[in-house]
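Asker: Got a predicted structure plus its sequence, pasted below:
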Amino acid sequence: MRRRLIPAVLILVLAFHAAVLAAPRAPKVDAEAAVLMVAGTQRILYAINPDAIMYPASTTKIITALTALEKGKADAVVTVSSNSVACEGSSLELQAGDRLRLRDLLYGMMLVSGNDAAEAVAEHIAGSVPAFVALMNAKANELGAANTHFSNPHGLPDPTNHYTTANDLARITARAMQNPEFRKIVATGDYSVPLLNRPPLRISNSNKLLKSYPGANGVKTGYTEAAGDCLVAAASRGGVQLVVVLLNDDERWTDAANLLDYGFAVAATSTGASR
């Protein structure tokens, strides 16, 4: 009886080793915090310090855009205030009195990370930046981002009141990628922002993966001295939409590509196994 069991055990052992060898190997990344998520199911495929409290920098603008698209009308005309123009940091080069559609303002905010555009969006949607920030926080809470709080719409540093986690940011992005208008904006490489009062502003997306990674379709870069280099990247292949969050990562472009490769390999393995 024992002799008959030996071949069966050997077969199981060999099958186990074959499965281990066939499984994709997770890459090493330089990020202080990272999450790789399947957007549709919010299944996490890879994580480093996913619940660590981190500065989001301009990846904040993901929830700014989502909140604006849900609360506002994309074709509504926005008049830019002097307060918005005075916002420090990265800029769309808006001028006080500029008039443009909300949709085009969001392109400027997401592609070149215009902080002036973010404040103009906030004032248009809610009447003031603090009122809009309350909407952002309510949206984060609705999405289950329990370890997140915002104090502005652009991501400039606030040591105590503006923070998130890689896991929360992935959740927010997964929801945002379900919005068709959002998806279109963040997948755009080059855009001409039409203004109603002067010539258009020609801009290019700061997301390098859109031109270098097959299937890349978003979403947002970020940097401050406090946050370091940050990136929320997304790509879609074979009906699988992946989201990668990298916070404080000096190798964010390489790490994002490697994690996306790993994610698609895992998805393909899972699909094969389910058949």
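Answerer: Perfect, I can see it now. Please read all numbers here as calculations on a predicted model, not as lab measurements.
Asker: in the stretch 151-275 of the chain, which spans are helices?
Answerer: Remark: helices assigned in the stretch 151-275 of the chain by DSSP state H, counting those that start in this stretch are 166-176, 180-186, 209-212, 252-274.
Asker: okay, these, which one's buried deepest?
Answerer: Mean neighbour count, computed with mean count of other CB atoms under 10 Å, is highest for helix 166-176 among those, reaching a mean of 26. In short, each C-beta sits where N, CA and C put it, glycine included.
Asker: Could you pull up the mean pLDDT of that one?
Answerer: Per-residue pLDDT values across helix 166-176 average out to 98.
Asker: can you tell me which of the helices of the stretch 151-275 of the chain the model trusts least?
Answerer: Of all the helices of the stretch 151-275 of the chain, the minimum mean pLDDT falls on helix 252-274 (a mean of 87).
Asker: do you know which of the helices of the stretch 151-275 of the chain lies nearest P199?
Answerer: For the helices of the stretch 151-275 of the chain, the distance to P199 is smallest for helix 180-186, at 21.4 Å, taking CB to CB.
Asker: Across the sheet, point out what pairs with the residue nearest the centre of the chain.
Answerer: The residue lying closest to the centre of the chain (CA atoms, centre = their mean) is V232, at 3.6 Å. On the basis of DSSP bridges, V232 is bridged to K220, V245.
Asker: thought it was touching V243?
Answerer: Yes: here V232 reaches V243: they are 6.9 Å apart, a contact under CB atoms under 8 Å.
Asker: hey, what's in contact with both of the two?
Answerer: Residues touching both V232 and V243 by CB atoms under 8 Å, 6 or more residues apart in numbering: A170, T173, V219.
Asker: Just the closest of those residues to A138, please.
Answerer: Using CB to CB, T173 comes nearest to A138 of these, at 17.6 Å.
Asker: Okay, strands next: where are they in the stretch 101-250 of the chain?
Answerer: Counting by DSSP state E, counting those that start in this stretch, the stretch 101-250 of the chain has strands at residues 190-193, 201-204, 216-224, 228-237, 240-247.
Asker: For the residue nearest to Q42 when sequence neighbours are not counted, give its distance to D30.
Answerer: Spatially, and ignoring its direct neighbours in sequence, Q42 is nearest to A174 (5.6 Å; CB to CB, 6 or more residues apart in numbering). The spacing between A174 and D30, counted by CB to CB, to the nearest Å, is 23 Å.
Asker: swap in G222?
Answerer: Distance of G222 to D30, computed by CB to CB: 16 Å.
Asker: I figured N258 hits P24, correct?
Answerer: No: assessed by CB under 8 Å, N258 is found out of contact with P24, at 10.9 Å.
Asker: can you dump the C-alpha coordinates of stretch 43-52 into CSV?
Answerer: Output in CSV follows, covering the C-alpha atoms of stretch 43-52 (Å, rounded to 0.1, in the frame of the first residue of the first chain):
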residue,chain,number,x,y,z
ARG,A,43,-7.7,43.1,-5.1
ILE,A,44,-4.2,44.0,-3.9
LEU,A,45,-1.4,42.1,-5.8
TYR,A,46,1.6,43.7,-4.1
ALA,A,47,2.1,46.1,-1.2
ILE,A,48,4.8,47.8,0.8
ASN,A,49,3.7,49.7,3.9
PRO,A,50,0.2,50.1,2.4
ASP,A,51,-1.3,51.8,5.5
ALA,A,52,1.6,54.0,6.4
